[in-house]
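In: from the sequence below, what's the structure:
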Amino acid sequence: MVNAAALPTDTRQGPSSAHQLALATKVDALNTRFRHHSATAVMEGALNDAGHIALVSSFGAESVVLLHMAAVIDPMTPVVFVDTELLFTETLVYQQEVSERLGLRNVQVIRAADIAEKDPYGALRFSDTDACCTLRKTAPLQQALAGFDGWITGRKRFQAGSRAALDFFEVEETATGPTGRLKINPLAHWAPQDVRAYMDENRLPRHPLVAKGYPSIGCAPCTSPVKEGEDPRAGRWRNQDKEECGIHVVDGKFIRTGA
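Out: Below you'll find the model as predicted:
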């Protein structure tokens, strides 16, 4: 386990204009290069040619696809897993089992160091869910990524209208501006059946909660089963005016993503 407080903090005041221009140019070149390539080829290109890259994984419903690709390409790929200390026990067990089964040798389990100070009774989620997500997930993840040039996500075009034009490579944005890092989406063009087919073909283990009606899995207190015909993410922050934990931002706004 990595304590978020012990991680190097990025002290930059944001990337310079020159860095932003260089990064945008790099993104354009990578998207042109991999435009007609497979997800596996994008993963290989990201890990071998895009700098120091991490795979951020929730070990959720579909996470095993990218974890398997990373394990095949390089078992030492840095895998960042944020334990919010409110996750399902099934997720914690699944994380350990999948890591061992796939032979992943560089899984970094991140936990925020200031939970006891800022949310000693675990009640922050009742008064401010956004603050809870920031404390337990978004802030420690940003600290963990400070030493990386970019990170890999499992986002896909089919998950939301705002992702209809999602590219393999993009410049990472947060609510406060660009970070100077890449975001890489190898599965951008995949459909739900592609995900299922890959899991079946490679005999990958499913998260045990999927069979119990959880197609999208987050923290236990804020995730409920989804009924037939509902949006796959309907069980996330049910009956609340909230759709996203804050990790993915477009034009300065949190947006809905998939599982």
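In: not counting its neighbours along the chain, what's nearest residue 41?
Out: Excluding the flanking residues, the one nearest residue 41 by C-beta to C-beta, 6 or more residues apart in numbering is residue 34, at 6.4 Å. All C-beta spots, glycine's among them, are computed from the backbone N, C-alpha and C.
In: the one you found - how many residues pack around it?
Out: Other residues near residue 34 come to 21 when the count uses other C-beta atoms under 10 Å.
In: helix, strand or coil: sort out the nearest residue to residue 167 once chain neighbours are set aside for me.
Out: Nearest residue to residue 167, sequence neighbours excluded (C-beta to C-beta, 6+ apart): residue 31, at 5.0 Å. At residue 31 the chain is in helix, as set by DSSP: H, G, I helix; E, B strand; the rest coil.
In: biggest strand in this protein, by residue count?
Out: Ranked by number of residues, the top strand in the chain under DSSP state E is strand 177-184.
In: who's in contact with the helix or strand following that strand?
Out: For strand 177-184, the succeeding helix or strand toward the C-terminus, using DSSP states H and E, is helix 192-201. Here helix 192-201 makes contact (C-beta atoms under 8 Å, 6 or more residues apart in numbering) with 62, 64-65, 68, 158, 187, 204, 206.
In: what residues sit buried inside helix 192-201?
Out: Buried residues in helix 192-201, defined by neighbour count with 16 or more other C-beta atoms under 10 Å: 195, 198-199.
In: for residue 109, which three-state class applies?
Out: Following three-state DSSP, the label given to residue 109 is strand.
In: I figured it hits residue 81, correct?
Out: Yes: the pair residue 109 / residue 81 is scored as a contact, 5.2 Å apart, by C-beta atoms under 8 Å.
In: which neighbours do the two share?
Out: Going by C-beta under 8 Å, 6+ apart, residues that sit against residue 109 and also against residue 81 are residue 95.
In: neighbour-wise, which of the two wins?
Out: Set residue 109 next to residue 81 and count neighbours by other C-beta under 10 Å: residue 81 wins out with 25 against 16.
In: which phi and psi values does the more buried one adopt?
Out: With angles defined as degrees, to the nearest 10, residue 81 sits at phi -120, psi 120.
In: name all residues that make contact with it.
Out: With contact set as C-beta under 8 Å, 6+ apart, residue 81 has these partners: 56-59, 95, 107-110.
In: where's residue 129 relative to residue 226, distance?
Out: Distance of residue 129 to residue 226, computed by C-beta to C-beta, to the nearest Å: 19 Å.
In: now residue 97
Out: 24 Å.
In: of these two, which one has the most company?
Out: residue 226 (18 against 13).
In: that one and residue 213 touch, don't they?
Out: Yes: if you go by C-beta under 8 Å, residue 226 and residue 213 touch, sitting 5.8 Å apart.
In: shared neighbours of these two, anything?
Out: Shared contacts of residue 226 and residue 213, defined by C-beta under 8 Å, 6+ apart, comprise residue 235.
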